[in-house]
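**Q** Below is the sequence, then the predicted model.
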Amino acid sequence: MVEKYNIRTDLALEEKERFESDQVEVQGVVLEEEYDKEREIRVTTVRIETENGAKTMGKPVGTYLTIEAPNLSSPDEGIHREVSEELAKYLIEVMEKIIPESEHDKEVLVIGLGNRQATPDALGPYVTDNLNVTRHIVKEYGKYAAPEEMNCVVSAIVPGVMAQTGMETAEIIKGVVRETKPDLLIVIDALAARNSRRLNRTIQIADTGINPGSGVGNYRNAITKETIGVPVIAIGVPTVVDAVTIVSDTMENLLSALETSESLKGVGLVLGGYSEAEKYELIKELIAPNLNSMFMTPKDIDETVKRLSYTISEGLNLAFSGQSFE
C-alpha cells in the first residue's frame, strides 16, 4: 500500500514526515532541526545525500531548508521582518556554498514563476515587484552608481505561464540566461502542501532547482543547473492543498470524536488501525473522480500572498546587501 501512496506536496519535510509516520527509515536522508522558542520560528534541514534517498523521496539530491512560523499568516510586521532576516541568513549561506568567490560582483537573476492573474499562483510575480534590481544601473553607469550596500548585481523577470506565452518557462529562461549570463538563478514559486497547517506559514529554500507546476500535477520542464547551465536556488511558499488533504484532516478529527462515542467506538477502532498511507488511498477512492483534482486555498489569500511576497522580497534584498545576521 505504501508504494501506491503518492502524497501531493512540494515540501521535502513533508515527504520525510510521511516515511516517519509509517515507521520507514530512509537511507541517505538526514534531518536536522532548530527551534527559536522566543520567536516561534522552526528551521528544518532535509539533506538528501544519495541517489537511493533521492529515489525514495522523489526529489533530487540536495539540501531542502524549511522555515516554519505559525504567525507568518498574520499581518504583524515585526514577525515578517524576523522571518525576512531568517530567510536572508540562510540564503546567504546557500549562495556562498554554490557560487565560488570571484573578483566581480555576483550577478543574480530572480525569476518570479506563476500567473499574476491567479492569486494563489501570483507569489513569484509579486516578489519581483518589490526587488531592488540594479543590473540596468550598473550596465549604464557602472557599479559605483548602484546602492552602496548592494553586493550583487540583480535582475528579474516574470516569464508568465504557458497559457499566456505559448512557451515553456524553461525555454524563456534559457534564452535570458544565454544573453545576460548570470552567476545564479533564484526561482520563486507557489507550492502545494500536504498539511493544511503549513499553508502560508512555511518557506522552503532548495539548492536543487524546481519543476514548475508539479505540486498541482502540471509537470513542466525542470529549471535546474543541469537544464539551464547555471546554479538554481528555489524559494517557495505552499499556498494550496488538494481536496484529499482537506478530507483527510477532517477524517482525523472524526476519529478523535469517535473515540469518545460509545455507540461508534467500533468504527473508530477500525479506521484508527489504518496507516497514513491507507487512509490517504481510501479517501482518494471515496472522493474520486469529482473532487480529487481540486485544490483549496484560504479565503484571505489575496492579502496573505501580498504580505508573504513582501516578506520574501525583503529577505532577498537583505541577502543581496550582504548584511551579517550573526
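**A** In hand now; what should we look at?

**Q** all helices for this protein, in order.
**A** Assigned helices in the chain, in chain order: 12-21, 51-57, 77-98, 123-129, 135-141, 162-165, 169-180, 225-228, 243-258, 265-272, 276-287, 301-321 (criterion: DSSP state H).

**Q** other SSEs contacting the second one?
**A** To tie it back to what came earlier, the one meant is helix 51-57. If contacts are counted by 3 or more C-beta pairs under 8 Å, 6 or more residues apart in numbering; DSSP states H and E, helix 51-57 sits against helix 12-21, strand 29-36. Placement of C-beta: from N, CA and C, glycine included.

**Q** and the helices of the chain, which one's lowest on average pLDDT?
**A** Here the lowest mean pLDDT among the helices of the chain goes to helix 265-272, at a mean of 63.

**Q** Can you tell me which of the helices and strands packed on helix 51-57 is nearest to Val244?
**A** Closest of those to Val244 is helix 12-21, at 13.5 Å (criterion: C-beta to C-beta).

**Q** give me the beta-bridge partners of the most centrally placed residue in the chain?
**A** Note on the chain: the residue nearest the mean C-alpha position is Gly236, at 2.7 Å, using C-alpha atoms, centre = their mean. Judged by DSSP bridges, the bridge partners of Gly236 are Asp189, Gln204.

**Q** Residue numbering should commence at 18 henceforth.
**A** Done: numbering now begins at 18, and the last item shifts to Gly253.

**Q** In this structure it contacts Asn228, no?
**A** No - contact between Gly253 and Asn228 fails when scored by C-beta atoms under 8 Å: they sit 11.2 Å apart.

**Q** ok, back up a step: got a list of what the residue nearest to the centre of the chain touches?
**A** 27, 140, 205-208, 220-221, 223, 227 (C-beta atoms under 8 Å, 6 or more residues apart in numbering).

**Q** Can you pick out the most distant pair from the residues you listed?
**A** Taking C-beta to C-beta, no two of these sit farther apart than Leu140 and Ala223, at 15.2 Å.

**Q** Using the record's assignment, carve the protein into domains.
**A** 29-261+310-338, 262-304 (automatic domain parsing).

**Q** Single out the most deeply packed of the ones you listed.
**A** Mean neighbours per residue, mean count of other C-beta atoms under 10 Å, is largest over these for domain 29-261+310-338, with a mean of 18.

**Q** Endpoints of that domain, how far apart?
**A** Chord length of domain 29-261+310-338, first to last residue, is 29 Å (C-alpha to C-alpha, to the nearest Å).

**Q** again, but for stretch 57-76
**A** Criterion C-alpha to C-alpha; first-to-last residue distance in stretch 57-76 is 28 Å.

**Q** Run through who's touching it.
**A** With contact meaning C-beta under 8 Å, 6+ apart, stretch 57-76 is reached by 29-30, 32-33, 36, 43-53, 77-88, 99-100, 103, 107, 225.

**Q** Against Thr73, how distant is the residue nearest to the centre of the chain?
**A** For Gly253, the distance to Thr73 (C-beta to C-beta, to the nearest Å) stands at 21 Å.

**Q** cool, and Phe312?
**A** 26 Å.

**Q** Now Gly226: closest residue in space that isn't a chain neighbour?
**A** Thr241 (3.2 Å; C-beta to C-beta, 6 or more residues apart in numbering).

**Q** Now that neighbour: phi and psi?
**A** Main-chain torsions, Thr241, degrees, to the nearest 10: phi -140, psi 170.

**Q** residues touching it, list them.
**A** Applying C-beta under 8 Å, 6+ apart to Thr241 gives the contacts 77, 225-227, 249.
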